[in-house]
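[1] no FASTA, just this:
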């Protein structure tokens, strides 16, 4: 039996779109986040293997740069408590089906020296409250562009890290498009 279930899991847009970024307290000229690419992320489940093992490493990436004259931390969260179906709001899915792994590609090291990366080796699941992805290490994490560049690799239904441990197939999800906004918050450490 082959079902097609389209999940618009993450719509990422800067500003008026769905990926919201903010520096605390706004506006803060000493902190900024630049979402370079990957504003819109879509997971389409159309094969039984995807329902069983989830989707990862499918080009679902967001590339960001952080500029800071202060030591900083980066948090993320969903803007709602649960995914809600676009076609039928009664259709719901847990947030922790989505997770992110953050790869540092800048010169500030994410080995605990400049940056502590909580999503370096396994994904961190999406929640409705702030979850810290990156923060200051024992040295400074100040810098711009080349120092603080990151690729956020999104995955869904893989059951890795602290993500939902129930297979998507076993969650009895209704066929629908599920969307929400992700908020990235950059603040002084």
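    Looks like it came in fine. As the structure is a prediction and not an experimental result, all values here were calculated from the model.
[2] can I assume residue 168 is in contact with residue 47?
    No - Residue 168 is not in contact with residue 47 according to Cβ atoms under 8 Å; the separation is 11.5 Å. Where C-beta positions appear, they are placed from N, C-alpha and C, glycine not excepted.
[3] in terms of neighbours, single out the busier of the two.
    Using other Cβ atoms under 10 Å, the more surrounded residue of residue 168 and residue 47 is residue 168, with 24 against 13.
[4] find the nearest non-adjacent residue to that one, please.
    Closest residue to residue 168 apart from its sequence neighbours, by Cβ to Cβ, 6 or more residues apart in numbering: residue 157 at 4.1 Å.
[5] OK, contacts around that neighbour?
    Residues near residue 157 by Cβ atoms under 8 Å, 6 or more residues apart in numbering: 43, 45, 50-51, 53-55, 97, 163-164, 167-168.
[6] now do 10 Å
    Applying Cβ atoms under 10 Å, 6 or more residues apart in numbering to residue 157 gives the contacts 7, 9, 43, 45, 50-56, 93, 97-99, 163-164, 166-169, 171, 173.
[7] list the residues that contact both of residue 168 and residue 47?
    The overlap between the contact sets of residue 168 and residue 47 (Cβ under 10 Å, 6+ apart) consists of 53, 55.
[8] hang on, residue 133 packs against residue 150?
    Yes - counting by Cβ atoms under 10 Å, residue 150 is a contact partner of residue 133 at 8.7 Å.
[9] check which helix or strand the residue positioned nearest the centre of the chain maps to.
    The residue lying closest to the centre of the chain (Cα atoms, centre = their mean) is residue 100, at 4.8 Å. Secondary structure from DSSP states H and E places residue 100 in strand 98-104.
[10] downstream neighbour of that strand in the secondary structure list?
    Next in sequence after strand 98-104, counting helices and strands by DSSP H and E, comes strand 115-117.
[11] list the strands paired with the next helix or strand after that following strand, with their directions.
    Sequence-wise, the next helix or strand downstream of strand 115-117 (DSSP H and E) is strand 124-125. Strand 124-125 has the following sheet partners, assigned by DSSP bridges: strand 98-104 (antiparallel).
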